[in-house]
Each structure stands twice: as C-alpha cells, then as structure tokens.
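Asker: Mind looking at a prediction? Sequence and model below.
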Amino acid sequence: MYTTDQAKRIEMTYLRKSGDLKGWSWRRISWNYNGRPSGCIDVKIATGSDGDNYYMELDYKWKDHDAAEWTPIDYKVRLQPTSCGFGGRRWWFICPNLNCRRRNSILYQSGRYFVCRKCAGLKYESQNYSGKYSFLRDLFEAEDYERSIKRWYYRGKPTRKHRRFLKMTRGMSENERLDECLKALRA
Ligand SMILES: [Zn+2]
C-alpha cells in the first residue's frame, strides 16, 4: 500500500492548464520522486470534433519489481465532457477498469495501469483525515456506502439508506463531491 503523494498520477487540471484539451495534442508527462526522475509516459489526447470518440492514449514502458524486461504498454482511456455553463466543457477520465468506469479527474498508476483512486486502492495521508479534512473521509465512506444502496425510493419516499447517504454527502452532487476531493488533494 502506498499513498497518493508517492503515486504517479495524471491530473485533468494539468492537461487543461497545458492547453491539451483543445483538439489533438501530444505530451510527455514525467514525475520526480525524492528529487529524482521516477518515470515518464507519452499521452495523445483527442478532444476534437470526432463524434464522441474522445480519448487519451497512454504509451509507456512498465516493469514489475522482479522482472528483467520492460513491457511496452499502450491503451486508451476514454474522456467524457460535461457542460459547465456558458458553453464551456469540463473533461473527465473514465476509469479504464471495466468493472468500474467511474468518472474521475485524476488517474493513479497502480501496477501496470493508470486507474481511479478507488481502483488503485490508495489511502490518503492520515493527516488529511483530521481537522478540515474529516469531511473528505466522510465523502469516501459515502462512496462505499452508495454502492450498497439497492433501492433509493420506496412508495415515492427516499429509503432509510437513501436518507443516510444524503446526510453523509450533505446533499452534494457527484460533481460537487469531486470538487471537494480535488481541493483537498491540491491543499
Ligand atoms: Zn476505477
């Protein structure tokens, strides 16, 4: 188990600030760990007017700790836009784990692939859970809880589990919750 601070990650905000979400783009993303280069990947980004075939293609080499050879890896992560008023678009990664497919703003390397935080099984640094971040912990617990809810309404009224979920998330939408997580990650 490692923490998000050590994991290699791809942030949508980084791609946006780099101007990579305006059609076709190519970029090399590299990381440092303890002041030393710890790896890099090449990404091709397609957010042009190509129907809804939006993607980020990742191209890199990967080696397991005890493996001798590097394995070339090449796959596409689907990108999804949502409108955010004034004709603007906000872009999301769709987690490439087929059992997940959650919408995310950050992908983390976990083994050979880049996946969402949930799939990477990452834990936030424990200090992030204290003080003003205790709400963040509640949100993560709410994400787990959400999946246990089979029925949201009964006879037109929210079920007990539904009401508990609303309490845990303070009634925030999924987008608002993701924003909160991002804010905390940047803090
Ligand atoms: Zn995932």
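Answerer: Received, thanks. Numbers count the residues shown, from 1 in each chain.

Asker: where are the low-confidence patches of the chain?
Answerer: Low-confidence segments of the chain (pLDDT under 70): 1-6, 50-51, 121-137, 175, 178-187.

Asker: Could you pick out the longest strand of the protein?
Answerer: strand 71-83 (DSSP state E).

Asker: What pairs with it, parallel or antiparallel?
Answerer: Under the criterion DSSP bridges, strand 71-83 sits next to strand 55-62 (antiparallel), strand 89-94 (antiparallel) in its sheet.

Asker: Which positions in the longest one come out as buried?
Answerer: Neighbour counts over strand 55-62 (16 or more other C-beta atoms under 10 Å) mark Tyr55, Met56, Leu58, Tyr60 as buried. To be clear about C-beta, it is placed using only N, CA and C from the backbone, and glycine gets the same treatment.

Asker: Tell me what the closest residue in space to the first one that isn't next to it in sequence is bridged to.
Answerer: Take Tyr55 and drop its neighbours on the chain: the residue closest to it by C-beta to C-beta, 6 or more residues apart in numbering is Lys76, 4.3 Å away. Under DSSP bridges, the beta-bridge partners of Lys76 are Glu57.

Asker: What about Lys76, how many residues nearby?
Answerer: Neighbourhood size, Lys76 [other C-beta atoms under 10 Å]: 14.

Asker: what's near enough to touch it?
Answerer: Tyr55, Met56, Glu57, Leu58, Pro96 (C-beta atoms under 8 Å, 6 or more residues apart in numbering).

Asker: Farthest pair within those residues?
Answerer: Glu57 and Pro96 (11.3 Å; C-beta to C-beta).

Asker: can you list residues touching both of these two?
Answerer: Common neighbours of Glu57 and Pro96 (C-beta under 8 Å, 6+ apart) are Tyr75, Lys76, Val77.

Asker: what's the nearest residue to Cys84 if we skip its chain neighbours?
Answerer: Arg90 (4.5 Å).

Asker: From Lys22, how far off is the most far-flung residue of the chain relative to its centre?
Answerer: No residue in the chain sits farther from the centre than Arg155, which is 35.5 Å out by C-alpha atoms, centre = their mean. For Arg155, the distance to Lys22 (C-beta to C-beta, to the nearest Å) stands at 49 Å.
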